[in-house]
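> Predicted model and sequence follow; I will ask about them next.
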Amino acid sequence: MKLVSRQLVEEAGIDVDKLLDMLVTNASAELTTYFYYTHLRFCLTGLDGESVKEIAEDARIEDRNHFEALCPRIYELGGALPNDMVEFHNGSACPPAKLPDDPTDTKALIEVLLKAEQCAVRGYTELCHYTCGKDHRTYALVQAILNEEIEHEAWFAEFLGEHRSGHFRRRRVGESPFVSKFLHVGPDS
């Protein structure tokens, strides 16, 4: 039986298979970023690194939350995640946020974090454009994720001295102020 929610999205002019591909590749980017940010976080040491560590941890946990929030929508639309982790990793919408050649270079680490967030901002902006006015549920979800990714980008750009972000500490690590309403598991799970 075809789900009415998918049918209505199709009738609104969305190619649901294309949308699912976009959602799955972005979910992959979120999970792989969570993995790579774990490595990066452990390399943020010394005076420079410690000053970035808390914000990197916020972004890391919030990226995991983005993955957790995307998965139900993928399945609601009749999609699924790949059954193979290597396939899932390699299908990421963004390149891996791997450690720089010198993992003790805090500036290079922040540049890796910034590039990952900029890729995410591009991906979610594309999803917002694709779903705006046609798939309200997906649009609301990806717009919430986009808001957090824009904050992450601003945080890391601020550390590089590119501009002021107005960043304030989250009340708790991985709070996901925009995405939390879409989570089926709590951010502390």
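Cool, got the structure. Numbering: from 1, shown residues only.
> how about low-confidence regions in this protein?
For the chain, the stretches with pLDDT under 70 are 1, 165-170, 184-189.
> Compute the number of surrounding residues for the nearest residue to residue 160 once chain neighbours are set aside.
Excluding the flanking residues, the one nearest residue 160 by C-beta to C-beta, 6 or more residues apart in numbering is residue 110, at 5.8 Å. Bear in mind the C-beta positions are built from the backbone N, C-alpha and C, glycine included. Residues within reach of residue 110, counting by other C-beta atoms under 10 Å, total 24.
> these two touch, right, residue 110 and residue 156?
Yes: checked against C-beta atoms under 8 Å, the pair residue 110 and residue 156 is within contact range at 5.4 Å.
> neighbours around residue 85, how many?
12.
> Same check on residue 160?
Residues near residue 160, counting by other C-beta under 10 Å: 12.
> For it, list the residues it contacts.
Each residue near residue 160 by C-beta atoms under 8 Å, 6 or more residues apart in numbering is listed here: 107, 110, 111, 114.
> Pull up the gap between the closest residue to residue 106 other than its chain neighbours and residue 114, please.
The shortest distance from residue 106 to any non-neighbouring residue, by C-beta to C-beta, 6+ apart, is to residue 48 (4.0 Å). As defined by C-beta to C-beta, to the nearest Å, residue 48 lies at a distance of 15 Å from residue 114.
> What of residue 135?
From residue 135 over to residue 114 the distance is 30 Å, taken as C-beta to C-beta.
> before we move on, back to that, how about the secondary structure of the residue nearest to residue 106?
Using DSSP: H, G, I helix; E, B strand; the rest coil, the structure places residue 48 in helix.
> If you tally nearby residues, what's the number for it?
Neighbours of residue 48 (other C-beta under 10 Å): 15.
> Hmm, residue 18 and residue 10 touching each other?
No: Residue 10 is beyond contact range of residue 18, at 11.0 Å (criterion: C-beta under 8 Å).
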